[in-house]
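A structural model of the following input is requested.
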Amino acid sequence: MYYPHKKLFFLAVGSVVLACTSVTRDDVVVEVDSDIDTLVYDLIPKEGGASTTLRARMDHYGVPGISVAVLRNGEVGWARGFGVKLVGTDDLVDTATVFSVASLSKVAAAATTLRLVNAGLLDLDRDVMDYLTSWSIPENPYTTESPVTLRRLMSHTAGTTVHGFADFQPGEALPTTVQILEGSGPAKNSPVVVSDEPGTIYRYSGGGTTIQQLVIEDVTGSPLASAAVEWVFDPLGLSRSSFVNPLPAGHGNIARAHDDRGRPTALPRGWEAMPEAAASGLWTSPSDYSRIVIALRNSWLGTPSSYISHDLGQDVMTKVRPGNFGLGPYLGGDGRSRYFSHGGSNESYKSYFRVFLESGHGAVVFTNGAGGSELVEEIIEALERIEGWPG
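Model (predicted):
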């Protein structure tokens, strides 16, 4: 049987050990020669019904392009791009194509903070006011009850406000980190304040992550984009990752933004800017991003030449109560099914990763369409079946 989209889907690099299986197409059992083929031809719609193709589900959700990296035993087992960077073109997504990854940025920002902690430049449990020089957390009764610390900011237990941020369109002025925290100038958010006693409440807070960003910037004397290169990207060999916003066109191989009907948006540039970099401003590929989560898991394991100390790696994967986040990632499951993860949702890009701590199996999935969240769910469900993930 002929699959007209197969050429489009398999122009990517890399080699993997693949398993043979079969899927049913038009009441005919068709042998497919790889786990990637199974993903391409055997997606189960969330709304129910017969399995269908990845191409059909991308069209259904208006998502022109996706990129996937699958982890096996703590290493990238395979990585592939599917579809195109810009609808109406033949500019294919490949494994080096970068996407905006929204809140997955928080884990990369956490990796930067953790390296600074490991170097003795920061302390997870010290009042961050001891580090801030360019802005101060507005004082109120809550700020005197218990300190705002990096451990609390990274786990969303610091009592800070502002859940998330709007993207900035081409031509719009971008605020500085201080303006974001003040809710002033071109910032689109309200001021970031402490509205509950730190340590007593879980509240997801991109505003808190932006305080963390300013701590990094004030201590290193560099913008996060530069600090991350020094402390994370270069040490891990990440050549496709950047916190620079707007991302320069010269970065190259950029997945363009699309609305929920799959139409190009954020024109004329073709992608938005996210100056709240630590909270939502990372641009990267699944293969690059996988190296960050692999490094954090290796530190948790205590493997030789770990990214950070074993003790600090254990802290990353320990829930900070009353929430379910560690130092950056969300933590779920138990026993063999224990995992760390994070989801991301900017205006035109949806993303997700999950890695199981014991086995090192998992996946990183990025999309370039506003309708991509449910597609990501279907892909993750398919990978659970294909890869035999625990739980």
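
May I have the helix or strand where Ala225 lies exported as PDB, CA atoms only?
Ala225 belongs to helix 224-228 when assigned by DSSP states H and E. Once non-C-alpha atoms are left out, helix 224-228 reads as follows in PDB (Å, rounded to 0.1, in the frame of the first residue of the first chain):
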ATOM      1  CA  LEU A 224      20.100  34.900  31.300                       C
ATOM      2  CA  ALA A 225      20.800  34.300  27.600                       C
ATOM      3  CA  SER A 226      24.600  34.700  28.200                       C
ATOM      4  CA  ALA A 227      24.600  33.000  31.700                       C
ATOM      5  CA  ALA A 228      22.900  29.900  30.200                       C
END
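
And the residue nearest the centre of the chain, how far from Asp59?
In the chain, the residue lying closest to the centroid (Cα atoms, centre = their mean) is Leu104, at 2.2 Å. Separation of Leu104 from Asp59 (Cβ to Cβ, to the nearest Å) stands at 25 Å. Any C-beta I mention is one placed from the backbone N, CA and C, and that applies to glycine too.

Next up, identify which helix or strand the nearest residue to the residue nearest to the centre of the chain once chain neighbours are set aside is on.
Distance criterion Cβ to Cβ, 6 or more residues apart in numbering; nearest residue to Leu104, sequence neighbours excluded, is Gly344 at 4.3 Å. For Gly344, the host element (DSSP H and E) is strand 339-345.

which other residues reach that strand?
With contacts defined as Cβ atoms under 8 Å, 6 or more residues apart in numbering, strand 339-345 is touched by 101-107, 280, 293, 296-297, 316-317, 326, 328-333, 350-357, 362, 373, 376.

Can you say which of these are buried?
By neighbour count, with 16 or more other Cβ atoms under 10 Å, the contacts of strand 339-345 hold 101-107, 280, 293, 296-297, 316-317, 326, 328-331, 333, 350-357, 362, 373, 376 as buried.

Strands - which of those land there?
Among the buried ones among the contacts of strand 339-345, the residues falling in strands (DSSP state E) are Tyr330, Leu331, Lys350, Ser351, Tyr352, Phe353, Arg354, Val355, Phe356, Gly362.

Ala79 in helix, strand or coil?
Under DSSP: H, G, I helix; E, B strand; the rest coil, Ala79 falls in the strand class.

shaky segments in this protein?
1-33 (pLDDT under 70).

let's go with 80 and repeat that
Residue ranges of the chain with pLDDT under 80: 1-34, 391.

tell me which residues in stretch 329-345 are buried?
Neighbour-count burial for stretch 329-345 flags Pro329, Tyr330, Leu331, Gly333, Arg338, Tyr339, Phe340, Ser341, His342, Gly343, Gly344, Ser345 (criterion: 16+ other Cβ under 10 Å).

which two in those are spaced the farthest apart?
Maximum pairwise distance among those (Cβ to Cβ): 24.5 Å, between Arg338 and Ser345.

how much space between the closest residue to Ser351 other than its chain neighbours and Thr284?
Spatial nearest neighbour of Ser351, excluding adjacent residues (Cβ to Cβ, 6+ apart): Gly344 at 3.9 Å. Distance, Gly344 to Thr284, using Cβ to Cβ: 11 Å.

what is in contact with these two at once?
Any residue near both Gly344 and Thr284 by Cβ under 8 Å, 6+ apart counts here, and that gives Val101.

quick revisit: which residues touch the residue nearest to the centre of the chain?
Contacts of Leu104 (Cβ under 8 Å, 6+ apart): Leu282, Tyr289, His342, Gly343, Gly344, Ser351, Tyr352, Phe353.
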